[in-house]
Each structure stands twice: as structure tokens, then as C-alpha cells.
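[1] My questions concern the predicted model and sequence given below.
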Amino acid sequence: MNFKYYCVIDKQKYYVTYVLSDSNDKIHYYTLKDGETLLDAPPPTGMIAPRWDGVDWKETGKRVITPEDLEQLRDATLQVVNSAAQKAIYDGVTVETSEGIKKFGLTEVDQINISTMFSQLQSALKGEPSAINPAVGVPYHADGELCKFWSANDFAKIAQAATEYVFYHQTYCNHLRQYIKGINDYDMLSAIKYGAELPPELALNLSQLLGM
């Protein structure tokens, strides 16, 4: 039985390894992975990330990206955008009130407090039992300030701004995550940051949701 050595290249034509094959095309001591093929050529020597250009090996100096590398980067990128979305929400929203422009942090506790106060305000305005007296105002505080009574109109603006702000970041993050899950180019994935532009289809869907 005749044996021959072949190079293994991935789908981007980067050198992977050198294998032995017999006359029945059976590869010994190696299993081709998805996208890998055999190349009848001598192995490259002394090259950094060699790549087959159709005629010969070329030294690229570029790292060979494995599927495992890509998935590790994808997981890390998803964690980064999750953290960025949470930070943006926690940092809060600015609202133009009758007292001037004020900032309101939006941690989970803040969101619950604003939602609860607004619900109480709505009940009071409907004449239902409530802990809020609209004539006095809604007690709440802007970031770094003491609690004060806000007019019903001001607090309604604060609650609406908070709801829209949280909804935007949660929805944008959801769309960005979907985009990240579909990227299979390492360099493109490396460049993704929170706030990145979405591809047209996802951008349109986000726009429709925000404009509903």
C-alpha cells in the first residue's frame, strides 16, 4: 500500500497540519474538521500563519482563527454589551422639568420606585385610594439631591422618560446580541462595541418597535 503526506488547510486556506494518507484516501491519526481539506503540497517551514495562495505558501503574520477562538470572542462580546447596556441604564436619564434639567438613576430599585410612585399618582388622579396627594406632589429625588415634591406633570414626564430610556437600551441590546450571534468574521466581531450600528433589517425592526 502506498502512503503519501498531505497538508491540511482550513476553509480560509490557512495551514493546519501535515497528515498521512494511504492509497484508499484514508487519513491516518487525524480527523478532518468542518471546512478543512487536503492539499497536495509540501508543508510550509519557518512561516508565521502560512496561507495557500493557489500556487505556494505565503507568510501572513496573521493569527489563524479557530472556531473555538471565534466562539470565545462571541461570548466575551455578548458579556461586554450586556454590561454596557446595564451601565447605561443604571447611569440614568436626563429629564427637562420645571426645576430645570435633572438626572435620574435607573437601577432596578430606582425603576421600581418610579413605577410605584407613578402608579400611585395615576390612581390618585382617577380618584382612587392612593398614598399620593396630587395637590401636594409626588415625593422623589433627582441624582445627588434631596427628596422633594414633584408636580404631577413633572413626575409624569420623569416616569415616561425613564420607561422609554430603559426600553430603548433593553431593546437595542437585544438586537445587538442577535447581530453578534450571526457574525462569523473574527475581525468584524472584534470591532463590535455597544452603540454599534445595526444591519438594515435589525435597524428597521428596532425602529418599528421604538416608534410603536
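    Good, I have the coordinates.
[2] Are there helices or strands packed against the longest helix anywhere in the chain, and which ones?
    Taking DSSP state H as the criterion, the chain has its longest helix at helix 152-181. Using 3 or more Cβ pairs under 8 Å, 6 or more residues apart in numbering; DSSP states H and E as the contact test, the elements touching helix 152-181 are helix 67-91, strand 93-97, strand 100-104, helix 108-125, strand 138-140, helix 200-210. C-beta: built from backbone N, CA, C; applies to glycine.
[3] Include distance to residue 50 and mean pLDDT when you put the ones you listed into TSV, please.
    Below are the helices and strands packed on helix 152-181 laid out as TSV (distance: least, Cβ to Cβ, whole Å; pLDDT from 0 to 100):
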stretch	distance to residue 50	mean pLDDT
helix 67-91	18	92
strand 93-97	53	98
strand 100-104	55	97
helix 108-125	52	96
strand 138-140	64	97
helix 200-210	37	95
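[4] May I have the residues that are in contact with the closest residue in space to residue 151 that isn't next to it in sequence?
    Leaving aside its chain neighbours, residue 151 sits nearest to residue 137 (5.7 Å; criterion: Cβ to Cβ, 6 or more residues apart in numbering). By Cβ atoms under 8 Å, 6 or more residues apart in numbering, the contact list for residue 137 reads 148, 149, 150, 151, 152, 155.
[5] What of residue 150?
    Counting by Cβ under 8 Å, 6+ apart, residue 150 has contacts 97, 99, 137, 138, 139, 140, 158.
[6] let's see it at 7 Å
    For residue 150, the contacting residues are 137, 138, 140, 158, by Cβ atoms under 7 Å, 6 or more residues apart in numbering.
[7] thought the second one was touching residue 155?
    Yes. Residue 138 is within contact range of residue 155, at 4.1 Å (criterion: Cβ atoms under 7 Å).
[8] got any residues that touch both of those two?
    Taking Cβ under 7 Å, 6+ apart as the contact rule, residue 138 and residue 155 both touch 117, 121.
[9] How about the contacts made by residue 183?
    When contacts are counted by Cβ under 7 Å, 6+ apart, residue 183 touches residue 189.
[10] And stretch 184-192, how far out from the chain middle?
    With Cα atoms, centre = their mean, to the nearest Å as the basis, stretch 184-192 stands 12 Å off its chain's centre.
[11] Tell me the buried residues in that stretch?
    Residues of stretch 184-192 classed as buried: 189, 192 (neighbour count, 16 or more other Cβ atoms under 10 Å).
[12] now do stretch 129-141
    132, 134, 137, 138, 140.
[13] care to break this protein down by domain?
    Domains of the chain are assigned by automatic domain parsing as 3-59, 67-210.
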